[in-house]
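*Asks:* Could you work out the structure for the sequence below:
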Amino acid sequence: MSALKKIGILGGTFDPPHVGHLKLASHFAKILHLDELLLIPSGEPWQKGSDITPAEIRFQLTEAAGMDLAKAFLYLQIPTKIGIDRIEINRAGPSYSIDTAKSLRERFGHEASLIWLVGADSLIHLPSWNSWRDLFQYINFAVASRPNYDLNSEMSPEIKELLASHQIQEPVALENTPAGLIYIDEGLSVDLSSTELRNRLKTSARSLVASEQIPSHTLQIITNLGLY
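*Replies:* Down below sits the predicted model:
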C-alpha cells in the first residue's frame, strides 16, 4: 500500500448535491484507497451566474448529503473519512479552484496525494478555469466518464496536449504521486445534473425527483425549506 496520505477533493456548486456526486465519491474512494474525502461547496461560483442558492444553504445540503455518503461507505466497507469543508465559503471573492488547491497543499503538506474528482465534462472545460495549468503543481485529477459523452470528439487541442503529458493508465499512480497526473476512469458512468434536477423541482414533476436522484437527507431539507 502507498505510504502517501491520499486526499480526495469533490468540489462543486452542490445546488443541490445529487446521487451522482455520491456515486462518484464512493467509486473513487474505493479504487484510490482514499484516506479522506472532502466535499467542498463553492462560495461564489463565478461561472454559474447569479441564480444560485445562498452558500450557507448549499453547505447545509452538502452536509446532509455527507450523512448519506457516510452510510454508503459503511455499507460498502470503505474506510475513507468524510469532511464537509468550508474553505471556499469562508474565503472572500470568487471561488477559484487554484486558490483552494494551494490552500489544501499547505494544509496537507508537500507529500500528500491531492486528487480532484471530476466528471468528463469538467475536464473538457478545464481551460476555462482560472490559472488552470498551474493546478497541476498542486493536485492530481481523477476523471469519471459520462454516458453518451464522447470525450475524444469533445476534446480541444489544449486538452489533447494536456493528456499527452499528464495522463496515466493505472489509478495506483495517483496513490504514489502528490500532483501532476490525470486518470480517466471508464468504470463509472453517471448522468445526473444539478441544473436538470433543479429545473425538475420547479415543475409539476417535482414529486418524481425522489431519493434515487437526490440523497434522502438532502431531499428532506429541500422539502422542509421549500427550495427550488
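*Asks:* how about the helices in the protein?
*Replies:* 19-31, 55-76, 87-90, 97-108, 120-124, 151-154, 157-166, 172-176, 194-201, 216-225 (DSSP state H).
*Asks:* buried set for the last one?
*Replies:* The reference is to helix 216-225. 217-219, 221-222 (16 or more other Cβ atoms under 10 Å). C-betas here are computed from N, CA, C, even on glycine.
*Asks:* hey, C-alpha coordinates of it in PDB?
*Replies:* Listed next in PDB are the C-alpha coordinates belonging to helix 216-225 (Å, rounded to 0.1, in the frame of the first residue of the first chain):
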ATOM      1  CA  SER A 216     -32.600  11.400   1.200                       C
ATOM      2  CA  HIS A 217     -31.300  13.700   3.900                       C
ATOM      3  CA  THR A 218     -30.700  16.400   1.300                       C
ATOM      4  CA  LEU A 219     -34.200  15.900  -0.100                       C
ATOM      5  CA  GLN A 220     -35.700  16.300   3.300                       C
ATOM      6  CA  ILE A 221     -34.100  19.700   3.800                       C
ATOM      7  CA  ILE A 222     -35.100  20.800   0.300                       C
ATOM      8  CA  THR A 223     -38.700  19.900   1.100                       C
ATOM      9  CA  ASN A 224     -38.600  21.500   4.600                       C
ATOM     10  CA  LEU A 225     -37.200  24.800   3.300                       C
END
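*Asks:* what's the worst-scoring helix or strand of the chain on mean pLDDT packed up against?
*Replies:* The helix or strand of the chain with the poorest confidence is helix 151-154; it has a mean of 78 (mean pLDDT, DSSP states H and E). Under the contact criterion of 3 or more Cβ pairs under 8 Å, 6 or more residues apart in numbering; DSSP states H and E, helix 151-154 touches helix 120-124.
*Asks:* what comes up buried for the helix it packs on?
*Replies:* 120, 122-124.
*Asks:* now these as a markdown table including distance to residue 201 and pLDDT?
*Replies:* Below are those laid out as a markdown table (distance: Cβ to Cβ, whole Å; pLDDT from 0 to 100):
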| residue | distance to residue 201 | pLDDT |
| --- | --- | --- |
| 120 | 25 | 89 |
| 122 | 23 | 90 |
| 123 | 28 | 92 |
| 124 | 26 | 91 |
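*Asks:* who does the residue nearest the centre of the chain bridge with?
*Replies:* What sits nearest the mean C-alpha location of the chain, by Cα atoms, centre = their mean, is residue 10, with 2.8 Å. Per DSSP bridges, the residues bridged to residue 10 are residue 39.
*Asks:* picking that back up, redo the helices of the chain as CSV? Include distance to residue 184.
*Replies:* Converted to CSV, the helices of the chain look like this (distance: least, Cβ to Cβ, whole Å):
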stretch, distance to residue 184
helix 19-31, 12
helix 55-76, 23
helix 87-90, 25
helix 97-108, 18
helix 120-124, 7
helix 151-154, 7
helix 157-166, 8
helix 172-176, 11
helix 194-201, 22
helix 216-225, 28
